[in-house]
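Student: Test case, fold it:
(chains A, B and C)
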Amino acid sequence: MNSTTVIAICSIITAGVTIGLGSIAPALGEGRAVSTALTSLAQQPDAAKTITRTLFVGLAMIESIAIYCLVVSMILIFANPFWNHVIAHATGK
Amino acid sequence: MNSTTVIAICSIITAGVTIGLGSIAPALGEGRAVSTALTSLAQQPDAAKTITRTLFVGLAMIESIAIYCLVVSMILIFANPFWNHVIAHATGK
Amino acid sequence: MNSTTVIAICSIITAGVTIGLGSIAPALGEGRAVSTALTSLAQQPDAAKTITRTLFVGLAMIESIAIYCLVVSMILIFANPFWNHVIAHATGK
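Tutor: Have a look, this model is predicted:
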């Protein structure tokens, strides 16, 4: 088990754990936001336009946090500079 | 147990753990959103149209987080660049 | 214990753990949604049509998360590319 293998193993495990762990809080946060928006709609139906607009902006902000985790996972899988360096070094040797 | 085997093992375990871990929070978040939507419908049946529309948009946002985890799992199983490199290296040797 | 055996063991364990872990949250989420639907129906029987329709759409969304876990488990059991490669390599040897 040489350096290349160890770096590949770490990248694979970290990519999976990152998005798996990173999905917990955004999903719970969005569930909470949607839940409160629906309670507010039932309580004050006349303010529906303002409530839904605020909800969508808030959801987009929370969603962006999940997307950060997805981006890091994708970088670790497809554009990993450590892996690229080890590969270039191994083939050059 | 050579490099190829170790990388295959890590990819298999990580793919499973990613979607297993990533399904927890979206499911709880969606359950909470649906639950509140039904309470709101019972409280204000006249606002049904707005409530259901807001609910569906919110569910789609939460569902997308679960889909991110599924995408990473599928990439690790079917389009794993580390595995492809090790295989290409092993057959070329 | 050679490579083939180790990969088989990991695939089996991960397939079980994935669907086992992935079934926890969807089941809790669906239980919560159904539970609230029944409370809402008791509170507002006139809105039964809207409530049941919203419940079914919500259940379908939560169910889909559990199905993602099932799909990954099935792929690990029946369409595992790592296993297929090891088998092809072992028979070719």
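Student: In space, what's closest to the closest residue to chain B within chain A - neighbours in sequence excluded?
Tutor: Here the residue of chain A nearest chain B is A:Gly31; by CB to the nearest CB that distance is 2.6 Å. Just so you know, the C-beta spots here come from the backbone N, C-alpha and C atoms, and that holds for glycine as well. Using CB to CB, 6 or more residues apart in numbering or on different chains and skipping residues adjacent in sequence, the residue nearest A:Gly31 is B:Gly29, 2.6 Å away.
Student: State the helix or strand in which that neighbour lies.
Tutor: Secondary structure assignment for B:Gly29, by DSSP states H and E: helix B:24-43.
Student: Can you show me the helices along chain A?
Tutor: A:3-22, A:24-43, A:48-78, A:81-92 (DSSP state H).
Student: Can you list the helices and strands that the helix or strand of chain A with the lowest mean pLDDT packs against?
Tutor: Ranked by mean pLDDT, DSSP states H and E, the weakest helix or strand in chain A is helix A:81-92, scoring a mean of 84. In terms of contacts (3 or more CB pairs under 8 Å, 6 or more residues apart in numbering or on different chains; DSSP states H and E), helix A:81-92 is packed against helix A:3-22.
Student: now check the helix it packs on, is it near chain B?
Tutor: Yes. Interface with chain B: helix A:3-22 contributes A:4-5, A:8-9, A:11-13, A:15-17, A:19-21 (CB under 8 Å from any CB of the partner chain).
Student: If any of the residues you listed are buried, give me the ChimeraX selection for them.
Tutor: In ChimeraX, this line selects whichever of these come out buried by 16 or more other CB atoms under 10 Å in any protein chain shown:
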select /A:4,5,8,9,11,12,13,15,16,19,20
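Student: Identify the farthest-apart pair in the residues of helix A:3-22 next to chain B.
Tutor: Largest separation among these by CB to CB: A:Thr4 and A:Leu21, giving 26.0 Å.
Student: tell me the contacts of the closest residue in space to A:Thr5 that isn't next to it in sequence?
Tutor: Closest residue to A:Thr5 apart from its sequence neighbours, by CB to CB, 6+ apart: B:Ser3 at 4.0 Å. Taking CB atoms under 8 Å, 6 or more residues apart in numbering or on different chains, we find B:Ser3 in contact with A:Met1, A:Asn2, A:Thr4, A:Thr5, B:Val86.
Student: go with 10 Å
Tutor: When contacts are counted by CB atoms under 10 Å, 6 or more residues apart in numbering or on different chains, B:Ser3 is found next to A:Met1, A:Asn2, A:Thr4, A:Thr5, A:Val6, A:Ala8, A:Ile9, B:Phe82, B:Val86, B:His89, B:Ala90.
Student: how far away is it from chain C?
Tutor: In this structure, B:Ser3 lies at 10 Å from chain C, with CB to the nearest CB, to the nearest Å as the measure.
Student: swap in A:Ser64?
Tutor: Taken as CB to the nearest CB, the span from A:Ser64 to chain C is 21 Å.
Student: That residue contacts A:Glu30, correct?
Tutor: No. Taking contacts as CB atoms under 10 Å, A:Ser64 lies outside contact range of A:Glu30: 11.3 Å.
Student: Neighbour count: the two, which is higher?
Tutor: Of the pair A:Ser64 and A:Glu30, A:Glu30 is the one with more neighbours under other CB atoms under 10 Å in any protein chain shown, namely 29 against 10.
Student: quick one: pLDDT of the more buried one?
Tutor: Reading off the confidence values, A:Glu30 has pLDDT 95.
Student: Could you do A:Lys93 as well?
Tutor: On pLDDT, A:Lys93 comes in at 57.
Student: Tell me how many other residues surround A:Ala25.
Tutor: When counting by other CB under 10 Å, one arrives at 15 neighbours for A:Ala25.
Student: now the nearest residue to it once chain neighbours are set aside: how far from C:Ala66?
Tutor: Excluding the flanking residues, the one nearest A:Ala25 by CB to CB, 6+ apart is B:Ala25, at 7.1 Å. Distance, B:Ala25 to C:Ala66, using CB to CB, to the nearest Å: 14 Å.
Student: Can you name the residues that contact the residue lying closest to A:Val34 once chain neighbours are set aside?
Tutor: For A:Val34, ignoring the flanking residues on the chain, the nearest one in space by CB to CB, 6+ apart is B:Gly58 at 3.3 Å. Applying CB under 10 Å, 6+ apart to B:Gly58 gives the contacts A:30-31, A:33-35, A:37-38, A:52, A:55-56, A:59, B:29-30, B:33-34, B:36-37.
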